[in-house]
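Engineer: Kindly return the folded structure for what I paste below:
(chains A, B and C)
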Amino acid sequence: MSRELELNFSREQVSLNDLTSKLAHNKITNTRLTRNRNKILNAIETVKQLISSGKLVAEGDYKIVMKEDILFLQNYIHKAILNGEYVYDVETTGKDVFNDIIVGICLYTPGEIPLYIPVNHTDIDNVRVDGQLDEEDVKRILRPLLENKDCRYINHNQKFDGEFTQVYWGIRIANFYFDTQLAGKLLNENEENHKLKYLYAKYIKKDPSKWSAFGDLFEDIPFNYVPINIAGVYGGNDGIIPYKLYQFQSSYLRYNHPKDEFRKLAKIMFEIEMPLIPILIDMELRGVEIDEQRAAELNEKYSAELKELELELDRFVKRYEHDILIDETLNRLTHGEGKINYNSPPQLSRLLYKIMKLPVVSRKEPTGTGKKIIEKWLEHSRVDKDTKNFIKMFKQFKTIRKLLNDYINKLPKAVEPKTGAVHTQFNQYGAVTGRFSSSHPIHKINLQNIPSRNKEIRTIFKARDNYVLIGSDFSQIEPRTLASLSGDEEMINAYREGKDLYATMGARVYQMDYWDCMEKHEDGTDNPEGKVRRDTMKSVLLGIMYERSAKAIAEQFNKPLKWAEDLIEDFRRAYPKIELHRMTVINKAETFGYVTTLLGRKRRLPDMKRSDKEDWRYLDAHRQCLNAEIQGTAADIMKLAMIEVGNNEEFKALGAHMLLTVHDELICEAPEEHAKRVGEILTDCMKKVGEELLKLPMKCDVEITKVWYGAEYEFETEDFDDVA
DNA sequence: TGTGAGGGCCAC
DNA sequence: AAACGTGGCCCTCACA
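Structural biologist: Model (predicted):
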């Protein structure tokens, strides 16, 4: 099956004894630059001194495995397999799974000595150090352990090790059993940080202050330059530390814990977070292809527009040239040239407020130049027509600049040549609520904030040749979650009967007919008044989930404060159970200092225990209570759905792959001929999971396209086949 | 030369 | 002071 990735690493082109070209991607490894060379040498010297002064010590005995130890290693692996659990950690030249390389392996199994196995250590001139085992031998010897389903793999941030192991050695680790980083987040998402050494210092050594001395010594130094004897100290620790942390954490995260709250957390750990790791590895390594031609077209189009806008802006600003030049700040910031940089908030605020004398429209941001302020200026009576025109162009300029710099021009640069795709990392516990986040350490790619309001940007993403994109999104998952958690009959019934929720709410709150609160009349004609009512209800409901103030809702609809207050009050009366639920969640948070999702994932909000209810820290936490419960529950559902999809045999057999998850939407790729079936499997899995948990009907909208947000894919009809 | 803060804005 | 929840990244500018 096409589950394995085809990568062209061309490793043969590089002499095994001189790793220069392999390391050349990373500018710091260009040791011909004295700056880099010195930086590395100094860092190594620092570590040597730390060791000789006793400040940096191994946690215990350890062994460095060299060429002559090959039989010992084989025997060790045998013992690890009998033991059934092990720590395995890869040390690499950096974080880029497609371009960095494995330098050494830390290995540990309980009852045995921790090992450090160097494989690609070099001297400062990138010449491989003698005496190390061949990488091929290490790979061959480790494989039976890593691929053994009965052997529990334990480590911190296993996705990283799993990806390197898969990309370089073609080995898929069989049993991701316990990730101490994920466990750390489940047990306390508010931790100062979730780095291995920090958690170890805090919970095992009980001295969090000391962690930094051990912390990121090699953060910026490719590990290959670290002398093997020093790496051994470090590597020995990296085997034992995760294991001790695991022992500590698993005393809480276990199915037989006396407290129900921990049994639930154990369930989330072992039935959601851990099974997700191999799925995310597949998604991240596969990546998504982009159409560089399309990106170039859009670049041309938007660049031209941007250039034009800048000229127009300059033309208008020209009349203030003198004022700009005599303004001390602007003169300095524009280097005495008076040419405004429209990307610079300091320059703009000076220009707009001091020179052009635009009124302050937000007490909160008296020098702001953002969207909200621009909107206010555009409606302000004291701003003249010409200036409004200028502001409009400025607004447009900013939008275009953002689209160009952040997406259109950036995506092609992020294509990984070895796969021809753009990759991101899905941080599994990226948000405190349990949601994913998306980022990339090298390319800085976040695939969860690709513009959707602008319909063109997403069309840069395309399915691979002969594949289609199949995206399915949960319709209104958060309101559905609220309906389920609160048990509000009216809301639940709206979903059961397949009615429009917001129109149902509108009918109730406004005491009007259902159809008077819809975007269209019953006969299909437009109903603008109905649309306003429906939009208002949507906003109020979202507002309640986000603890939005009446003032903010009033502002959005340009209505008086009283109007919004009454609306919210009406809503609360019409849906008493939602309000009751909100109060219950808040009370729980005040009593216990945390709220939980449906499955028991915790959001700890210790500030809810403050007695001063006016304290901003209390209010801050207060706003998070209901939202964390709903957002977190929705995240749990999406995660379970991904596991359901990822483990679906038919889905795999049809050659389908998950590519992206954007909170309530899951985007997959499948061969064209299986598109329909894969779409069905996808929505079936998602709906099944949602309905099991929320006990109300779920709705998923599927789209099959060649490009993201593109036109619906046209299936070839059978007739067409016959003709062909 | 690198870094962090502030302002801003994209997504759900 | 903030007053809408969860994120990540860009750009400029000041500062080490």
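Engineer: What ranges does the stretch 251-400 of chain A have for its strands?
Structural biologist: Secondary structure of the stretch 251-400 of chain A (DSSP state E, counting those that start in this stretch): strands at A:289-290.
Engineer: Name the residues of it found near DNA strand B, please.
Structural biologist: A:Pro345, A:Ser349, A:Glu365, A:Thr367, A:Gly368, A:Thr369, A:Gly370, A:Lys371, A:Ile373, A:Ile374, A:Lys398, A:Thr399 (CB under 7 Å from any atom of the strand). For glycine as for every other residue, the C-beta is placed from the backbone atoms N, C-alpha and C.
Engineer: quick one: pLDDT of the last one?
Structural biologist: pLDDT recorded at A:Thr399 is 90.
Engineer: Is stretch A:413-428 in proximity to DNA strand C?
Structural biologist: Yes. Using CB under 7 Å from any atom of the strand, we find that stretch A:413-428 touches DNA strand C at A:Asn427.
Engineer: ok so, going back, compare the residues of the stretch 251-400 of chain A next to DNA strand B and tell me which has the most neighbours.
Structural biologist: A:Thr369 (23 neighbours; other CB atoms under 10 Å).
Engineer: my read: it touches A:Arg350, true?
Structural biologist: No. Between A:Thr369 and A:Arg350 there is no contact under CB atoms under 8 Å: 9.9 Å.
Engineer: Strands of the stretch 101-250 of chain A, start to end?
Structural biologist: A:102-108, A:115-118, A:152-155, A:176-179.
Engineer: Let me know which of those is the nearest to DNA strand C.
Structural biologist: strand A:176-179 (17.1 Å; CB to the nearest atom of the strand).
Engineer: Please enumerate residues in contact with the closest one?
Structural biologist: With CB atoms under 8 Å, 6 or more residues apart in numbering as the test, strand A:176-179 has contacts from A:85, A:152-159, A:162, A:246, A:249-250, A:269, A:273-275, A:277-278.
Engineer: Buried residues in it, which are they?
Structural biologist: Neighbour-count burial for strand A:176-179, counted by 16 or more other CB atoms under 10 Å, picks out A:Phe176, A:Tyr177, A:Phe178, A:Asp179.
Engineer: Spatially central residue for chain A, please.
Structural biologist: Residue closest to the mean C-alpha point of chain A, counted by CA atoms, centre = their mean, is A:Ser437 at 1.7 Å.
Engineer: Give me the nearest residue to that residue, chain neighbours excluded.
Structural biologist: Distance criterion CB to CB, 6 or more residues apart in numbering; nearest residue to A:Ser437, sequence neighbours excluded, is A:Gly430 at 2.6 Å.
Engineer: name the element that neighbour belongs to?
Structural biologist: In the assignment (DSSP states H and E), A:Gly430 maps to no helix and no strand.
Engineer: for it, phi and psi?
Structural biologist: Main-chain torsions, A:Gly430, degrees, to the nearest 10: phi -70, psi -30.
Engineer: Tell me which residues touch it, please.
Structural biologist: A:Phe436, A:Ser437, A:Ser438, A:Ser439.
Engineer: beta partners of the second one?
Structural biologist: Beta-bridge pairing of A:Ser437, defined through DSSP bridges, involves A:Asn427.
Engineer: buried residues in the longest helix seen in chain A?
Structural biologist: Taking DSSP state H as the criterion, chain A has its longest helix at helix A:616-646. By 16+ other CB under 10 Å, the buried positions in helix A:616-646 come out as A:618, A:621-622, A:624-646.
Engineer: Pick the one among the contacts of A:Gly430 closest to A:Leu73.
Structural biologist: Nearest to A:Leu73, judged by CB to CB, of the contacts of A:Gly430 is A:Ser439 at 36.1 Å.
Engineer: so who does that closest one touch?
Structural biologist: Going by CB under 8 Å, 6+ apart, the list of residues near A:Ser439 reads A:Thr424, A:Gln425, A:Asn427, A:Gly430, A:Ile445, A:Asn446.
Engineer: Now for the first one, how many residues are close by?
Structural biologist: Close neighbours of A:Thr424, defined as other CB under 10 Å, add up to 22.
Engineer: That one contacts A:Ile445, doesn't it?
Structural biologist: Yes. Contact status for A:Thr424 versus A:Ile445: in contact at 4.9 Å, counting by CB under 8 Å.
Engineer: Can you check which residues contact both of these two?
Structural biologist: A:Ser438, A:Ser439.
Engineer: Now do the same contact list for the residue lying closest to A:Tyr252 once chain neighbours are set aside.
Structural biologist: In space, and not counting its chain neighbours, A:Tyr252 is closest to A:Phe262: 5.2 Å by CB to CB, 6+ apart. Counting by CB under 8 Å, 6+ apart, A:Phe262 touches A:Tyr252, A:Leu253, A:Arg254.
Engineer: re earlier: for DNA strand B, which of the strands of the stretch 101-250 of chain A is the nearest?
Structural biologist: Nearest of the strands of the stretch 101-250 of chain A (CB to the nearest atom of the strand): strand A:102-108, 21.5 Å.
Engineer: Please name every helix or strand in contact with the closest one.
Structural biologist: Here strand A:102-108 touches strand A:85-92, strand A:115-118, helix A:135-146, helix A:158-169, helix A:228-250, going by 3 or more CB pairs under 8 Å, 6 or more residues apart in numbering; DSSP states H and E.
Engineer: what do you get if the cut-off is 7 Å, keeping everything else the same?
Structural biologist: The contact analysis (3 or more CB pairs under 7 Å, 6 or more residues apart in numbering; DSSP states H and E) places strand A:102-108 against strand A:85-92, strand A:115-118, helix A:228-250.
Engineer: outside of the second one, which residues touch it?
Structural biologist: Spelled out, it's strand A:115-118. For strand A:115-118, the external contacting residues (CB atoms under 7 Å, 6 or more residues apart in numbering) are A:62-65, A:76, A:104-108, A:132-133, A:138, A:228, A:231-232, A:235-236, A:239.
Engineer: 8 Å instead?
Structural biologist: Taking contacts as CB under 8 Å, 6+ apart, the residues outside strand A:115-118 that touch it are A:62-66, A:73, A:76, A:103-108, A:129, A:132-133, A:138, A:228, A:231-232, A:234-236, A:239.
Engineer: Report how many residues lie close to A:Ala552.
Structural biologist: For A:Ala552, using other CB under 10 Å, the count is 12.
Engineer: oh, I was asking about A:Pro110
Structural biologist: A:Pro110, neighbours per other CB under 10 Å, totals 15.
Engineer: Now do it, the pLDDT please.
Structural biologist: 96.
Engineer: can you check A:Gly370 too?
Structural biologist: So, for A:Gly370, pLDDT stands at 85.
Engineer: How about the one 4 residues further on?
Structural biologist: Here the pLDDT value assigned to A:Ile374 is 85.
Engineer: now do the one 10 residues further on
Structural biologist: Looking at A:Asp384, its pLDDT stands at 86.
Engineer: how many neighbours does the closest residue to DNA strand C within the stretch 501-650 of chain A have?
Structural biologist: Across the stretch 501-650 of chain A, the shortest distance to DNA strand C (CB to the nearest atom of the strand) belongs to A:Ser549, at 2.6 Å. The local packing of A:Ser549 (other CB under 10 Å) involves 15 other residues.
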